[in-house]
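A.B. asks: test case, fold it:
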Amino acid sequence: MKKKILVVFLVFIFFSCSNSKKIRLTFLDEYTIKDSIQFQSSILGGFSGIDFSKDNYYLIIDDVNKPRLVTSKITIKSDTISSIIFQNVIFLNDSITPFYEKKHLDLESIFIDADKNEINFVSEGSIYKRKKPLVFVTDFSGHFKYEYSLPRSHKNLNNIKHNAVFEASSKSVQKNGFWVAMEGVLKSDGEEPSFHKTTSPIRITFFDKQSKKATHQFAYHLEPISKPAKGNINLNGVTAILEHKENHFFIIERTYQSGYGAYGNIVRIFEANINEETTNVLEIDSLRNFEYKPLKKRLLFDFKNVKNRLKDGIIDNIEGITFGPKLSNGKSSLILVSDDNFQIYGKQLNQFILLEIDEN
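C.D. replies: I've put the predicted structure just below:
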């Protein structure tokens, strides 16, 4: 009898392990466009977010003087990016409400709500100018509709570091809300990533579409900086997230270090997930002295391993991620995009990356 029970237990373990699929990402292609291309009274560049909806790709352009987005068609053939055709520029301007005039629109992420026919934006504002971060919604003409109420942890501007605020967003696969991630660490939560291991949590917040409020918030720990310092800037933060199944995310961490010229970026993609043990920290003001469980994470992909397949060996300032089309083998794909900062910091690329998602 004991032997039978043991056999059944071992069979159960075997099938449990065989059914738990692990995701791998494979590099397929890179596509770059020239910098400073003039298009419909606008300059193409500064692509800080991307989303796909109804056969179109929507790219946000990070320009505080002329906040805007551009629609495009991205064609994939033989598992490569064969063309990117830009179609239309939509400027965020509105003569009906004073919303845009009173805010600082440093746009960092975008996603389309096809069910409500709306465009959702994430802006990190300007801490130096005392302008709060924003999560807001427009129609497809760029006219303001409404904004979401921020959680308490994101209203205290004295506790937020400049350029370390809202940076990434993702639609929920359940379609009842969306996720917004900080780039950097709140002052009350921990230390910035350094060359030794630190406790560096950023907050990922779930916003409910019906109440227009945050209902859940979780901590995600950033990696330390792995490359030696050359200049005086050594930063690591989250620049993009994408929920690929319920409570499971692709999360991009981008390290930037001055002194390396065009080679100052380290870009890695992690898979992270929320489970029953992960702590909801929405009502917690400081994580420094609070015991909590962050998202579990594992490294999926490091661009240093494919630098010989990239233009001039450069992985640039990757800030956007979305699902691409099905590939020729039936597998899913990802499209990533970089923000070239309009070349104001030196040589950068308008870089599009195609990856394959493999589950086995």
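A.B. asks: so which residue is dead centre in the chain?
C.D. replies: Among the residues of the chain, the one closest to the centroid is A240, at 1.1 Å (CA atoms, centre = their mean).
A.B. asks: show me where the stretch 1-150 of the chain has helices.
C.D. replies: Assigned by DSSP state H, counting those that start in this stretch, the helices in the stretch 1-150 of the chain fall at 2-19, 99-102.
A.B. asks: per-stretch mean pLDDT over the ones you listed, give me the minimum one.
C.D. replies: Here those differ in mean pLDDT, and the lowest is helix 2-19 at a mean of 42.
A.B. asks: could you give the bridge partners of the residue nearest to the centre of the chain?
C.D. replies: The partner list for A240 in beta bridges (DSSP bridges) reads I252.
A.B. asks: and stretch 328-342, end to end?
C.D. replies: End-to-end distance for stretch 328-342: 34 Å, by CA to CA, to the nearest Å.
A.B. asks: typo on my end, stretch 158-168
C.D. replies: From start residue to end residue, stretch 158-168 stretches across 21 Å - CA to CA.
A.B. asks: need the contact partners of that stretch.
C.D. replies: With CB atoms under 8 Å, 6 or more residues apart in numbering as the test, stretch 158-168 has contacts from 49, 108-109, 122-128, 133-135, 153-154, 180-188, 192, 237-241, 252, 319. For glycine as for every other residue, the C-beta is placed from the backbone atoms N, C-alpha and C.
A.B. asks: on that earlier part again, kindly provide the distance from the residue nearest to the centre of the chain to N275.
C.D. replies: According to CB to CB, to the nearest Å, A240 and N275 sit 22 Å apart.
A.B. asks: which residues of the stretch 151-300 of the chain fall in helices?
C.D. replies: Counting by DSSP H, counting those that start in this stretch, the stretch 151-300 of the chain contains no helices.
A.B. asks: low-scoring stretches of the stretch 101-250 of the chain, by residue?
C.D. replies: Residue ranges of the stretch 101-250 of the chain with pLDDT under 70: none are present.
A.B. asks: what sits against S172?
C.D. replies: Contacts for S172 (CB under 8 Å, 6+ apart) come out as 178-179, 206, 243.
A.B. asks: at 7 Å instead, please
C.D. replies: By CB atoms under 7 Å, 6 or more residues apart in numbering, S172 lies in contact with 178-179, 243.
A.B. asks: and those as a markdown table, adding neighbour count and distance to N329?
C.D. replies: Formatted as a markdown table, the contacts of S172 follow (neighbours: other CB atoms under 10 Å; distance: CB to CB, whole Å):
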| residue | neighbour count | distance to N329 |
| --- | --- | --- |
| F178 | 22 | 30 |
| W179 | 23 | 29 |
| E243 | 20 | 24 |
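A.B. asks: count of neighbours near the closest residue to V238 other than its chain neighbours?
C.D. replies: Residue nearest to V238 in three dimensions, not counting chain neighbours: A181, with 5.0 Å by CB to CB, 6 or more residues apart in numbering. A181: 26 surrounding residues under other CB atoms under 10 Å.
A.B. asks: what of A114?
C.D. replies: Look at A114: counted by other CB under 10 Å, it has 11 neighbours.
A.B. asks: pull the number of nearby residues for the spatially closest residue to it that is not a sequence neighbour.
C.D. replies: Distances taken as CB to CB, 6+ apart put S53 closest to A114, at 5.1 Å, once the chain neighbours are dropped. Residues lying near S53 (other CB under 10 Å) number 15.
A.B. asks: I'd say S53 and I112 touch.
C.D. replies: Yes - S53 is within contact range of I112, at 3.8 Å (criterion: CB atoms under 7 Å).
A.B. asks: hey, where'd the strands end up in the stretch 201-350 of the chain?
C.D. replies: Secondary structure of the stretch 201-350 of the chain by DSSP state E, counting those that start in this stretch: the strands cover 201-208, 213-221, 234-245, 248-257, 265-273, 296-302, 318-323, 333-338, 350-359.
A.B. asks: closest one to S82 among those strands?
C.D. replies: Among the strands of the stretch 201-350 of the chain, strand 350-359 comes nearest to S82, with 10.4 Å by CB to CB.
A.B. asks: CA atoms only for that closest one - export them in CSV, please.
C.D. replies: Provided in CSV are the C-alpha atoms of strand 350-359 (Å, rounded to 0.1, in the frame of the first residue of the first chain):
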residue,chain,number,x,y,z
ASN,A,350,15.6,55.1,-32.4
GLN,A,351,15.8,51.4,-31.9
PHE,A,352,13.0,48.7,-32.3
ILE,A,353,13.7,45.2,-31.0
LEU,A,354,11.8,42.0,-31.9
LEU,A,355,11.8,39.1,-29.5
GLU,A,356,10.3,35.7,-29.6
ILE,A,357,8.3,34.3,-26.5
ASP,A,358,8.9,30.6,-26.0
GLU,A,359,7.0,28.6,-23.4
